[in-house]
Every structure is written in structure tokens, then in C-alpha cells.
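Engineer: Below is the sequence, then the predicted model.
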Amino acid sequence: MVSGPSGSGKTTLCRRLADEKEAHYSISCTTRLPRDGEVDGKDYHFLSRKDFQSRINAGEFLEYAKVHENYYGTLKSEVVDQLAIGTDVVMDIDVQGANLVRSCSDTQIKTALVDLFVMPPSEEELRIRLTGRGTDAEEVIALRMRNALEEMEHWPEYSYRLISATRKEDYLNFKSLILAERLRVSRLQ
Ligand code: 5GP
């Protein structure tokens with residue numbers, strides 16, 4: 001489970017791990033509109049509010065939360081089915097969702113759970129990264145900046161924290177964490 005503010009680089013880390021076949025990337029559902037280049041069914045399952053609500057009613061979500069005025073949720077099928085066949089799952093998830101997953105009672109999920117918070121090295125760097133993406137309007141960036149600073153206060157709730165440096169260093173550290181966790185004898189605390 002990887003959390004961190006927009007611009008922390010967490011999605012890139014999760015995606016790369018999946019691209020290298022080290023884990024299954026849990027494709028979330030969201031009610032937000034796709035950004036340029038995003039593909040339905042690959043980046044997210046893009047749903048209308050109505051469809052999202054139907055899936056809530058059907059009990060399909062492991063967790064869901066409202067983030068940046070939109071709903072985001074992890075499908076049980078994306079996680080449970082993969083863990084059952086022995087594949088690690090990587091989830092890009094906000095702090096509310098992470099809390100919900102931590103408190104779930106499924107032993108398989110609890111046993112597999114590792115939580116990491118990724119954060120930018122400074123507020124200034126965060127601002128540069130949020131602006132640099134260039135796909136969002138100014139007020140969206142301002143909202144994300146406020147949300148990011150608020151979200152960053154939650155890092156002490158995580159077992160691991162990665163302060164982002166270069167992409168290469170970040171991935172090396174991330175991969176080291178995954179490898180170490182795979183060697184761990186006791187996972188349930
Ligand atoms: P973005 O819109 O930039 O892709 O994502 C916004 C936020 O939603 C990020 O903090 C991301 O981690 C979070 N997020 C993505 N998928 C999920 C999910 O399935 N559940 C929850 N709770 N948050 C998610």
C-alpha cells in the first residue's frame with residue numbers, strides 16, 4: 001500500500017514495480033475524468049457517480065474514499081484474487097483508504113500488508129512537481145497543494161517512509177523494501 005501526496009512520485013514507483021512483473025497493480029475505480037493519455041481499464045476504471053454507487057451497493061469495494069472532490073475505490077477482486085494465487089499486489093491509495101485497509105479483518109490482506117508513505121523532499125519541490133505536470137488548471141493545482149500538505153501530516157501512521165530524491169534512487173529504495181518484506185518471517189504484528 002503506497003500513499004503520498006500528488007507529485008510524490010508514488011504512482012510511478014507502483015507502476016514500475018508492476019511493469020517489472022514484481023507485483024500486480026491494483027487498478028482503482030474513480031469518478032474523476034481521465035487526464036490526457038490515461039486509458040480506461042489501465043490507469044483507472046473511470047466510472048460515473050451512478051456506477052460507482054452501484055458498486056458500493058454491491059459490496060465490490062475493499063475500501064473507497066472521497067479525494068479531491070471525487071470518489072476513488074479499490075475493488076476487492078483486484079486484491080483478493082491476486083493474493084490468493086500468491087501474487088503481491090501494489091495499491092496506490094490515499095491516507096483515508098489506507099486506514100480502512102489497515103482496519104479490515106481479512107487475514108490474507110492483513111498478512112500481506114506493508115504500508116509506505118512517499119513524500120517530496122521539500123514544500124518547494126512539491127510545488128514545482130505539481131505545477132510541472134501541466135495538465136491541470138491553476139485552481140486544481142492550488143487545491144492539490146493544500147490537500148498535499150494536509151495529507152503529508154499523516155506519514156507517522158505508516159510503517160515506512162520514503163523521502164523522494166531521484167527516480168532511480170527512489171525505485172532502488174522501494175525495491176529494497178519489497179525484497180526485505182519478502183524475507184520477513186513474521187508479518188502479523
Ligand atoms: P489522482 O487523481 O492524482 O490519480 O489520485 C488522487 C489520489 O487518489 C491519490 O492520492 C491516490 O493515491 C488516491 N487513490 C487512487 N486510487 C485510490 C483508491 O483506490 N482508493 C483510495 N482511497 N485512494 C486512491
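Structural biologist: Right, received. Where do you want to start? Numbering: from 1, shown residues only.
Engineer: how many other residues sit next to the residue of the chain found nearest the ligand?
Structural biologist: Nearest residue of the chain to the ligand: residue 97, at 2.3 Å (Cβ to the nearest ligand atom). C-betas here are computed from N, CA, C, even on glycine. Residues within reach of residue 97, counting by other Cβ atoms under 10 Å, total 23.
Engineer: Could you do residue 79 as well?
Structural biologist: When neighbours are defined as other Cβ under 10 Å, residue 79 has 23 of them.
Engineer: Shouldn't it be within a helix?
Structural biologist: Yes: the assignment for residue 79 by DSSP: H, G, I helix; E, B strand; the rest coil puts it in a helix.
Engineer: ranges for the helices of the chain?
Structural biologist: For the chain, helices defined by DSSP state H occupy the ranges 10-19, 49-57, 76-84, 95-102, 107-112, 123-132, 138-152, 167-183.
Engineer: can you pull the pLDDT of the residue of the chain closest to the ligand?
Structural biologist: Listed pLDDT for residue 97 reads 97.
Engineer: who's the nearest residue to residue 11 once chain neighbours are set aside bridged to?
Structural biologist: Ranked by Cβ to Cβ, 6 or more residues apart in numbering and with sequence neighbours excluded, the top spatial neighbour of residue 11 is residue 92, at 5.3 Å. On the basis of DSSP bridges, residue 92 is bridged to residue 2.
Engineer: give the contact list for residue 92.
Structural biologist: Applying Cβ atoms under 8 Å, 6 or more residues apart in numbering, we find residue 92 in contact with 2, 10, 11, 14, 25, 26, 28.
Engineer: The fifth one contacts residue 15, correct?
Structural biologist: Yes: because the distance of 6.3 Å satisfies Cβ atoms under 8 Å, residue 25 is recorded as touching residue 15.
Engineer: Give me the more crowded residue out of these two.
Structural biologist: The residue with more neighbours, out of residue 25 and residue 15, is residue 25; 20 against 15, by other Cβ under 10 Å.
Engineer: pretty sure residue 149 is touching residue 127, no?
Structural biologist: No: in this structure residue 149 lies outside contact range of residue 127 using Cβ under 8 Å: 10.1 Å.
Engineer: Appreciated, that's everything.
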